[in-house]
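pasting a predicted model and its sequence here:
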Amino acid sequence: MPITFVTNLIDLKLNIMKKNKFILLFSLLAILISCTEEDPIIEYVTVTKTVIDKVIEIQNVAIDSNTDSTLQGNITSDTTLDASKIWLLKGRVSVLDGVTLTIPAGTIIKAAAGTGADASTLIIARGATILANGTADAPIIMTSISDNIEVGGDYPSNGPSLNVDTRGLWGGLIILGYAPSSFSGDVTELQIEGIPTSDTSGLYGGSDAADNSGTVEYLSIRHGGAEIGEGNEINGLTLGGVGSGTTINHIEIVGNVDDGIEFFGGTVNASNLLVWGQGDDAIDIDQGYAGTIDGALVVLTAASDHGFEIDGPEGSTTGRFTLKNATVIGATDNCTSEGVDGEMADFRKGATGDLLNILFKNFASGKDVELDASADATTYTAGTLTFANIDILHPVDAEGAVCSDVETLDLIFDDKSDESTFETDASTFAEVVTAQADGNGLADDSIFSWTFYAYNN
């Protein structure tokens, strides 16, 4: 169909007084494009300004919302995205049962702004498949429409328009499966948090431990966590009842309002996870999750709560996870904790799992690894919640000396109920170190060289 161009020339004059002379800095040509319903629509969504040598440059972040590069509503047939385009995610988008969504390496998806039940969110429903096979050289990026990242993963010369402190601009990625989960009342399925109960694509749980939801690797999820209701936000990556047939590795979450990654039951294994600057917990485990997390880097900021929050089963199905080879970095500046929370880890509601080779570093005094109540003292005493090779690397002051008010192991490891030997046992499974030891924590953080975190640090 023909496109009619209407061109208006707007002369903008900016006068700067210098030695009684006026200098004309620039004029801006604005091109407004109108079209029929079948034609492309160019959405200019954010404007950034930089001042260089008194010349103002106006840069528009544009999304081409052609019908062939917009994800909206339910995806009902197999769909493959084109990595040569910026894709627009508009509203709640569900990939339905029996359908495969393929996202090639290097694909960039920008989500439209919004809050409430229709915040832009991508759901992989039970029975659906996601094939998101990024690479270290060409990761897949899910971000906000306000992000000025370009096709190919590059930024303009003035750098990124958003940073780790930019949160809640869209929802997140939710993957749901048929794997066993431990629900209150021993129901077999539940609606995932953040999705209205009227949307049945939000159901998760079942009896297939080997359920396969596909593959997600080398994926960066940025600036999400839009609020659905009061106190109810979407996680960066939500895994609900996801089975062991699914592959999850090399995942980055940046600046999410709620949790970075949350495991609601299921049996999926996950490796090489990076969570930076989340608003709540970095890695959250609930409802009898029974998989293995191997390799994680958590970097807290002033906005963050716990590095780990681990809840136990809610029904009679038990479940027992393994979390190993992880480093958690606290938000401490010159011996002073940044923010209000920023705890190391919290175990609640009868948590069951095994933690080994974990390094907690740069946490100020008063931050702890906590058994929350009697139920957690019970699982610890029974040997269904275990700790091994846990290292504590204390922060230092501006002169490089260890902070003067750091705490001993029996204070860092705290049983709030005082019903177990957790605190006195700490010296048998943990130690204070002056440098990272071999075999403790994440062995090599260069595996995250592809991430936005590495770009900024």
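Structure's in. What do you need?

from here on, just use CA atoms for contacts and neighbour counts.
OK.

show me the contacts for the spatially most central residue of the chain.
By CA atoms, centre = their mean, the chain has its centre lying nearest to residue 253, at 2.8 Å. Applying CA atoms under 8 Å, 6 or more residues apart in numbering to residue 253 gives the contacts 220, 221, 222, 236, 237, 260, 261, 274, 275, 276, 278.

packing partners of the helix or strand hosting the second one?
In this structure, residue 221 is located in strand 214-222 according to DSSP states H and E. The contact analysis (3 or more CA pairs under 8 Å, 6 or more residues apart in numbering; DSSP states H and E) places strand 214-222 against strand 129-133, strand 140-144, strand 247-254.

and the next helix or strand past the longest one?
What that stands for is strand 247-254. strand 261-264.

quick one, helices of this structure?
Using DSSP state H, the helices of the chain run over 374-382, 409-412, 422-429, 452-456.

by contact count, what packs against the shortest one?
Using 3+ CA pairs under 8 Å, 6+ apart as the contact definition, the elements that helix 409-412 packs against are helix 422-429, strand 430-433.

just to revisit the earlier point, now render the helices of the chain as JSON lines, adding mean pLDDT and distance to residue 124.
Shown next, in JSON lines, are the helices of the chain (pLDDT from 0 to 100; distance: least, CA to CA, whole Å):
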{"stretch": "helix 374-382", "mean pLDDT": "98", "distance to residue 124": "33"}
{"stretch": "helix 409-412", "mean pLDDT": "97", "distance to residue 124": "40"}
{"stretch": "helix 422-429", "mean pLDDT": "98", "distance to residue 124": "40"}
{"stretch": "helix 452-456", "mean pLDDT": "98", "distance to residue 124": "24"}
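
thinking again about what came up before, show me what the residue nearest to the centre of the chain is bridged to.
residue 221, residue 275 (DSSP bridges).

from residue 453, how far out is it?
Residue 253 sits 9 Å away from residue 453, going by CA to CA, to the nearest Å.

tell me who's in contact with residue 410.
423, 424, 426, 427.

ok, and the closest non-adjacent residue to the second one?
Read that as residue 424. With sequence-adjacent residues excluded and distances taken as CA to CA, 6 or more residues apart in numbering, residue 424 is closest to residue 410, at 5.9 Å.

now swap in the last one and tell me
When the adjacent residues along the chain are set aside, residue 427 lies closest to residue 409, with 6.6 Å between them (CA to CA, 6+ apart).

wait, what's in contact with that neighbour?
With CA under 8 Å, 6+ apart, residue 409 has these contacts: 423, 426, 427, 430, 431, 432.

and which of these is nearest residue 120?
Proximity of the contacts of residue 409 to residue 120 (CA to CA) peaks at residue 430, which lies at 42.8 Å.

does that closest one touch residue 393 like I think?
No: with contact defined as CA atoms under 8 Å, residue 430 does not count as touching residue 393 (10.9 Å).

neighbour count: those two, which is higher?
A direct count of neighbours by other CA atoms under 10 Å for residue 430 and residue 393 places residue 430 higher, at 21 against 18.

thinking again about what came up before, out of the helices and strands packed on helix 409-412, which gets nearest to residue 328?
Shortest separation from residue 328 across the helices and strands packed on helix 409-412 is recorded for strand 430-433, at 14.4 Å, computed as CA to CA.

packing partners for that closest one?
Counting contacts by 3+ CA pairs under 8 Å, 6+ apart, strand 430-433 packs against strand 385-393, helix 409-412.

including distance to residue 91, could the helices and strands packed on helix 409-412 go into TSV?
Below are the helices and strands packed on helix 409-412 laid out as TSV (distance: least, CA to CA, whole Å):
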stretch	distance to residue 91
helix 422-429	47
strand 430-433	46
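
of those, which is nearest residue 169?
Smallest distance to residue 169 across the helices and strands packed on helix 409-412 (CA to CA): 39.5 Å, for strand 430-433.

can you pull the buried residues of that closest one?
By 16 or more other CA atoms under 10 Å, the buried positions in strand 430-433 come out as 430, 431, 432.

how about stretch 220-235?
By neighbour count with 16+ other CA under 10 Å, stretch 220-235 contains the buried residues 220, 221, 222, 223, 224, 225, 226, 227, 228, 233, 234, 235.

now do stretch 387-401
Buried residues in stretch 387-401, counted by 16+ other CA under 10 Å: 387, 388, 389, 390, 391, 392, 393, 394, 395, 396.

dump these into CSV; add distance to residue 287 as well.
CSV is the format used below for the buried residues of stretch 387-401 (distance: CA to CA, whole Å):
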residue, distance to residue 287
387, 20
388, 23
389, 26
390, 25
391, 27
392, 28
393, 31
394, 33
395, 34
396, 38
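
for those, give me JSON lines that also has distance to residue 362 and pLDDT.
Putting those into JSON lines (distance: CA to CA, whole Å; pLDDT from 0 to 100) gives the following:
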{"residue": "387", "distance to residue 362": "20", "pLDDT": "98"}
{"residue": "388", "distance to residue 362": "20", "pLDDT": "98"}
{"residue": "389", "distance to residue 362": "18", "pLDDT": "98"}
{"residue": "390", "distance to residue 362": "14", "pLDDT": "98"}
{"residue": "391", "distance to residue 362": "12", "pLDDT": "98"}
{"residue": "392", "distance to residue 362": "9", "pLDDT": "98"}
{"residue": "393", "distance to residue 362": "6", "pLDDT": "97"}
{"residue": "394", "distance to residue 362": "5", "pLDDT": "97"}
{"residue": "395", "distance to residue 362": "4", "pLDDT": "96"}
{"residue": "396", "distance to residue 362": "8", "pLDDT": "95"}
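
coming back round to it: and the helices of the chain: which comes nearest residue 148?
Minimum separation from residue 148 across the helices of the chain (CA to CA) falls at helix 452-456, 13.3 Å.

number of nearby residues for the residue lying closest to residue 105 once chain neighbours are set aside?
Setting aside the residues directly before and after it, residue 105 is nearest to residue 134 in space (CA to CA, 6+ apart), at 3.9 Å. Here the number of neighbours of residue 134 (other CA under 10 Å) works out to 22.

what are the structural domain limits within the chain?
Following automatic domain parsing, the chain resolves into domains at 5-64, 320-446.

returning to what we had before: which neighbours do residue 253 and residue 453 share?
Common contacts of residue 253 and residue 453 (CA under 8 Å, 6+ apart): residue 276.

surely residue 299 touches residue 330?
Yes: the pair residue 299 / residue 330 is scored as a contact, 6.6 Å apart, by CA under 8 Å.

so for those two, which residue has more residues nearby?
Taking other CA under 10 Å, residue 299 and residue 330 do not tie; residue 330 has more neighbours (28 against 21).

was I right about the more buried one contacting residue 302?
No: using CA under 8 Å, residue 330 is not in contact with residue 302, being 9.1 Å away.
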